[in-house]
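A.B. asks: model this:
(one chain, ligands or ions: 1)
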Amino acid sequence: MERKLADTHTSSDCDIVIGVLALQGAFREHIAHFSKVPGVTALEVRKKEDLEGLDGLVIPGGESTTMALIAERWGMIPELRTFAKGGRPIWGTCAGLIFLADKASGQKEGGQALLGGLDCKVQRNFFGAQINSFESQLPVPKQLEPFQRGPQDYRAMFIRAPAIMETGPSVEVLSEYRLSPEEQAVTEGRESVVVAVRSKQLLATSFHPELTEDSRWHETFAEMVRRHIAGNKATANGRSSSSASLSSMGSQRSGMSRPANMPVYGSQDKL
Ligand SMILES: NC(=O)CC[C@H](N)C(=O)O
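C.D. replies: Below is the predicted model:
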C-alpha cells in the first residue's frame, strides 16, 4: 500500500496506518469507525508480518483468553511485545485492556498471556457475566481534544467488562464509573472504578466505543498516533516534541462531531 507521509505535512494532516488485531472479537467495528476518521487507513492484523509498517495498533474487545491463545498459536506474542516496547501507540478495548495490563485477576485456570506495559491491575468480568452487560452515559474526559466537540457525555457499553482496580503513577485516569450502593456493598465500599486510562503511548478502555456511533475515542487514538509521529520527527530534527500540540491538531478538523446516541454496530452475540 502506498503511504503518504511527506515532510511538508504537519502532524495534523499526515496520513496514518492503524492496525486492528483481527484474531477474534470486535475488530470489524473498529475498522468501520476508523474509515470515518480523515487520514486514517485501518488494516486487519492477522499475522506477525502484518505489524510491519503500522503507526499504531488496536487490540479489540472479545475474549482475552481466546485472543491470547490464538496469538500464541500464530507465534505473535513476541512480536506484539516488541511492538509495545517499541513505543508505537496501542489502544486496548475491553479484552484488549486486559491484554495490555501488567496484572489481571480473575483469570481462567492456567492463566493467560498478557502483553503488559500498562501499569494497571485489572479485574476480569468485574461487572458480571454477559447477561449483566449494560450501558451508561459517562462525562467526557476534559483533557481529550476530540471530546470538546459534541455531547458532554459519551455512551459506554460494558460487555463482560473488566474494571481497572489499581493504577500506577504513570497512568492518567480518563474516566471512572460510579458504583451503585449495591455494587459498593460487594466491593468493600469502593465508590468507583476506573474504566478509561492513558499512559504514555497506551490508551485503554473497559467499554466498547466501536459499538456506538461516536467516533471521538477513535479520533483521540488517531491524535495520539499523529502526536507520536510528530514527536519522532521533532526528535529526528533536533526539536522539542512539544511543538505537536493536541489542541492545534483538533482545531484544524471540523464537522466531525456526531451524535453519541446512535444504533449499535453488528451483533453483540459474537463478542
Ligand atoms: N467484551 C469483552 O471484551 C469482554 C472481555 C472478557 N471478559 C475477557 O476477559 O476477555
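
A.B. asks: residues touching V171, list them.
C.D. replies: Residues counted as contacts of V171 (CB atoms under 8 Å, 6 or more residues apart in numbering) are L118, D119, C120, V197, R198, S199. Quick note: C-beta positions are derived from backbone N, CA and C, even for glycine.

A.B. asks: Please apply the same query to L69.
C.D. replies: Q112.

A.B. asks: thinking again about what came up before, which of the contacts of V171 has the largest number of neighbours?
C.D. replies: L118 (30 neighbours; other CB atoms under 10 Å).

A.B. asks: contacting residues around the residue lying closest to it once chain neighbours are set aside?
C.D. replies: Closest residue to L118 apart from its sequence neighbours, by CB to CB, 6 or more residues apart in numbering: L100 at 4.3 Å. By CB under 8 Å, 6+ apart, L100 lies in contact with I59, A84, I90, G92, L114, L115, G116, G117, L118, L202, A204.

A.B. asks: Give me the distance between L100 and E172.
C.D. replies: 15 Å (CB to CB, to the nearest Å).

A.B. asks: again, but for F27
C.D. replies: Distance from F27 to E172, counting by CB to CB: 26 Å.

A.B. asks: between these two, who's got more neighbours?
C.D. replies: Taking other CB under 10 Å, F27 and E172 do not tie; F27 has more neighbours (24 against 13).

A.B. asks: Settle this for me: the more buried one is touching L57, isn't it.
C.D. replies: No. Using CB atoms under 8 Å, F27 is not in contact with L57; the gap is 11.2 Å.

A.B. asks: joint contacts of these two?
C.D. replies: Joint contacts of F27 and L57 (CB under 8 Å, 6+ apart) are V20, L21.

A.B. asks: quick one, strands of the chain?
C.D. replies: 16-21, 40-45, 56-59, 90-93, 101-105, 118-123, 134-139, 153-158, 163-167, 172-178, 192-199, 202-205 (DSSP state E).

A.B. asks: Go through those and pick out the most buried.
C.D. replies: strand 90-93 (a mean of 29; mean count of other CB atoms under 10 Å).

A.B. asks: mind checking how far it is from the chain centre?
C.D. replies: Chain-centre distance of strand 90-93: 3 Å, with CA atoms, centre = their mean, to the nearest Å.

A.B. asks: if we can go back for a sec, nearest to T212, out of the strands of the chain?
C.D. replies: With CB to CB as the measure, strand 153-158 is the member of the strands of the chain nearest T212 (4.7 Å).

A.B. asks: wait, does the closest one make contact with the ligand?
C.D. replies: No. Using CB under 6 Å from any ligand atom, strand 153-158 stays clear of the ligand, coming no nearer than 8.1 Å.

A.B. asks: So which residues make contact with that strand?
C.D. replies: Outside strand 153-158, the residues within contact range by CB under 8 Å, 6+ apart are 127, 133-140, 147, 175, 177, 195, 205-209, 211-212, 214, 216-217, 260-261, 264.

A.B. asks: next one: stretch 129-143
C.D. replies: Residues contacting stretch 129-143 (CB under 8 Å, 6+ apart): 127, 147, 151-161, 172, 174-175, 177, 195-196, 216, 260, 268.

A.B. asks: Swap in 7 Å and give it another go.
C.D. replies: 147, 152-160, 174-175, 177, 196 (CB atoms under 7 Å, 6 or more residues apart in numbering).

A.B. asks: which residue ranges form the helices in the stretch 1-150 of the chain?
C.D. replies: For the stretch 1-150 of the chain, applying DSSP state H, counting those that start in this stretch gives helices covering 27-34, 64-73, 77-85, 95-100.

A.B. asks: now these as TSV including distance to the ligand and mean pLDDT?
C.D. replies: Shown next, in TSV, are the helices of the stretch 1-150 of the chain (distance: least, CB to the nearest ligand atom, whole Å; pLDDT from 0 to 100):
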stretch	distance to the ligand	mean pLDDT
helix 27-34	12	97
helix 64-73	3	94
helix 77-85	16	94
helix 95-100	3	96
